[in-house]
Structures are given as structure tokens and as C-alpha cells.
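Asker: Got a predicted structure here, sequence first:
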Amino acid sequence: MEVWEKVFVKDAEFLQSTHGKVGCVICHGGDSQEEDKELAHTGLVIDPSEGNYTTCTTCHQDIAETHDMSLHAALGGFKSALEARGGDLSEGSALAAAFENHCNECHTSCGQCHVSRPDEVEGGLVSGHKFRETPSTQYNCVACHGSRIGAEYLGENEGIPADVHWTQGMMLCTDCHSQELHGSGQPVATRYQNPDVVKCEDCHQDVWTNTANNPQHEQHLSDLSCQVCHSVGYKNCYGCHVSVDPEGLPCRTSEPSVMQFEIGYNPLRSSERPYEYVVLRHVPTCAGTCDYYGESLFPDFNSGPTWKYATPHNIQLHTPQNESCDACHSNTALFLTEEDIRPDEKEANKGVVVNEFPETVGK
Amino acid sequence: MKKLVMAFTVILMLLALSVIGCTNKELVGPSPEAEQEVVSTCVTCHTDKDVLKELATTEEVAKSEATTGEG
């Protein structure tokens, strides 16, 4: 996107909309009477919804208040994951510095979903400053969630088909993910804790209520997550290391990602997610991810798995593992085993590694 | 009876006045803020593609070149 294009209000209709009629200066500051560019931009606020500004809460108080605690704003997922491994995020700590340099950039404001592209991808108005009630899948959601979820959903991984919800239904992210994106108003450690999180059964209720003609569903609905049978290979990341380059800029390196499909024991088993088996995705983090900032910043690294509960977005009706019973039951390659785990991560993942495999049934 | 006719006439006149007041837009001036916005240099520049191209300056994005791998 060209520099000028990022700030081009191409749709004059915006000026007649509710937000347009408010006037530029009310939200963005600056001086609307000044003709000199530099002087007109004095005190300019590029993103009025960023930080503690009350621009949005004036009219949208209910949404803005829950958003403050959402994963998109508060990054509770990052914090809880680091703290679960014994990380100290208190003010002034080494890990807090690393968090500020490398994690904090991955949050979003109201405007970075509803008006412009996210800062992380260098911003720019999406629809000529029009406020979009529904964020753009391409310019907002996938702009940040592109390398894993976006690529899976749109079929950008070589040899892996796109998600059936995209190929058959052309469904956009917000067709499934709506209220949950603004948070529930309660702090959560993972997206799966949000009571509004989308579930397959929200649309596919018949799968649960009518199993008469589907013995596979009748047999496995309560012990397998949907993705175990209906997703295919997905991206797994390894060896992320963060540091600061000689110019003082935060940087990171990671190993090449790997396309894998691994079924393991459910690390988030609950009444909401009772499945014994789920698919697991390896997260980029390793014990030495933040070593640049200090030694042993994760003293309890092994307290949680590096293979995490996953919901790959490449759902298919027919998959190699659901072709027959024994396509899965006798196929140990589908399961996360000791051999799949890196030596320094064996202890962390002992709770999710499959040791006993489902017996073959001859079908 | 006369009183009734007079009261009816007065009500009719009040109604007519209020209808005229509501529909005559000349009586309602723009608010100072709205008037100010009409001559806003923000709108003048940011709706003009050519002006924006002319005044655009290269952004300096402070991102490390040492970063490698997927995010």
C-alpha cells in the first residue's frame, strides 16, 4: 500500500456518516484550519482508539469495556503462557522487557479492526475511512493471523486443500467469530475459556442430535474433537528466539515451520471440551526463547506442553484418517509419540504424548 | 360558541406556526463545529489523491533486518 493511499479518504460518503460528521479534529487532534502540512499535523493522534483514549467509549461503552480485557487488547494468552512456565512479568523484570519489545506489538485497537489495517502490517485505511462493522478478512484478520490460520483456511499450504467452509461456503472469519473477538469482560488465559468462543456444534447441531446413520459420530463424538477426524496437515513452528539487534531494534529468528498432523491427549480437558484425543500444534516457544534477556527466565518450563490444543482451519468432510476405522486405529504415524518430541521438551509434553494406541478393528 | 370558535382558531394558528418552524430550514443554522468542518484543511487534503501523492513522504519503519523466519 502506497503511503498516500493509507490516508486517502476516497469515499466522500464517509463525511456524511455518523462518524464522518463528528469532524476530524475531535478524534485525531491537529489543526483543521492550518494549511501547512506540518503545522496541521501538530498534536496529531493517528489511532484515536489506541491506549487510553476515550474516543470509542463515548458511544460504544459496552463493547469498549469488554474489549479492554479481550485477548486482542490485553494479550492475556501471552501473559498466562509465560507465567505458567514460571516467567516473572513484574515491572522492571527481564521478561517484562522482552514482552514489551516482542509481544506487545501483537495487540489491536478498535480502529485497527474496524477502520484501518493493523499497525503490525504498517496500517492504512481499509475502505477510505469507512467504519466497517465487520472487519475485512483479508486486510484485518488474515493480516495478523495469516501464517498459520489464514494460510490453512485459504489453502495456501502446498498440497493441503483449503477449508471446506471457504471452498464451499466462502465464509469469512466473522461469519463464525463474532462477539468472542471483543472478549467476555472477564480476563481469560486462552481463547477456549471465552464463553462466547465459537464451536462446531453452533451450526452443526444435527451431528450431535442425529447419529443414527453415522456410526463414526455415534462412537466418537465425546472422545474425539471434530478436528481429529476432519482436519489435515497444519503448520507447526519451532525455535523462536528473540533479541535486540546492534541498532537497538527488537528482532527474532525461528526455524523453518513444519507441516505435521499430530493427535495427542487433550491438555484442556473440561466439561466443555471432554475429548480424550485432540489435534496438537507445536508453538514457536522453546526453553531458550528469551535467553538474550537473561538466564532461566522460564524456571518451570516443563509445567505445560509445547504441543498445544489446536483447532486447525482446514476442515474437510473426507480426510485420510476417516477413510476407514483402521485408517486411524492402526496408523501410529497420526499420533504424537515420544519419537516426535525434542529431547529437551519430553518432560513438558509427557501429558499429551500418546503411549497406547487404539486397537485395530478390521474395518 | 364564540369562545369555542376562537379557541379552535388559536389552536389552528399554533399548529400552522409550528409546522412552518419545523420545515423552514433557513431558520436552523449550522452549528459552529459543522461550519468549521466545511472549510477543514483535513478534508481538503485527504480527499484529494493528487495532493496526498505530492505531499507524501517516505515512511521510516523501524524494523530490524535481523528478523528471520515466520511470525
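Answerer: Thanks, I have the structure now. Numbering: from 1, shown residues only, chains lettered A, B, ... in the order given.
Asker: burial count for whatever residue of the stretch 51-200 of chain A ends up closest to chain B?
Answerer: Nearest residue of the stretch 51-200 of chain A to chain B (CB to the nearest CB) works out as A:Ser147 at 4.7 Å. Backbone N, C-alpha and C define where each C-beta goes, glycine included. Applying other CB atoms under 10 Å in any protein chain shown, we find 16 residues neighbouring A:Ser147.
Asker: I'd assumed A:Lys235 was in contact with it.
Answerer: Yes - shown here, A:Ser147 and A:Lys235 form a contact pair, counting by CB atoms under 8 Å, at 7.1 Å.
Asker: Contact partners for residue 57?
Answerer: Answering for chain A, as no chain was given. Listed by CB atoms under 8 Å, 6 or more residues apart in numbering or on different chains, the contact set of A:Thr57 reads A:64-65.
Asker: wait, chain B
Answerer: Going by CB under 8 Å, 6+ apart, B:Thr57 touches A:Val3.
Asker: and it, what helix or strand is that in?
Answerer: Using DSSP states H and E, B:Thr57 falls within no helix or strand.
Asker: That one and A:Pro284: what is the separation?
Answerer: From B:Thr57 across to A:Pro284, the span is 35 Å (CB to CB, to the nearest Å).
Asker: Quickly list what's touching both of A:Ser147 and A:Lys235.
Answerer: Common neighbours of A:Ser147 and A:Lys235 (CB under 8 Å, 6+ apart) are A:257, B:70.
Asker: what number of residues lie near the nearest residue to A:Arg132 once chain neighbours are set aside?
Answerer: Using CB to CB, 6 or more residues apart in numbering or on different chains and skipping the chain neighbours, the partner closest in space to A:Arg132 is A:His114 (5.4 Å). Neighbourhood size, A:His114 [other CB under 10 Å]: 21.
Asker: what's the answer for A:Gly23, then?
Answerer: 18.
Asker: Quick check: phi and psi on A:Tyr309?
Answerer: The phi and psi values for A:Tyr309, taken as degrees, to the nearest 10, are phi -50, psi 130.
Asker: didn't it look like it was pressed against A:Asn266?
Answerer: Yes - using CB under 8 Å, A:Tyr309 makes contact with A:Asn266 at a distance of 6.7 Å.
Asker: Quick check: neighbours shared by those two?
Answerer: A:273, A:278.
Asker: Need the pLDDT of residue 56.
Answerer: No chain was given, so I picked chain A. On the pLDDT scale, A:Cys56 is placed at 89.
Asker: The chain in question should be chain B.
Answerer: 93.
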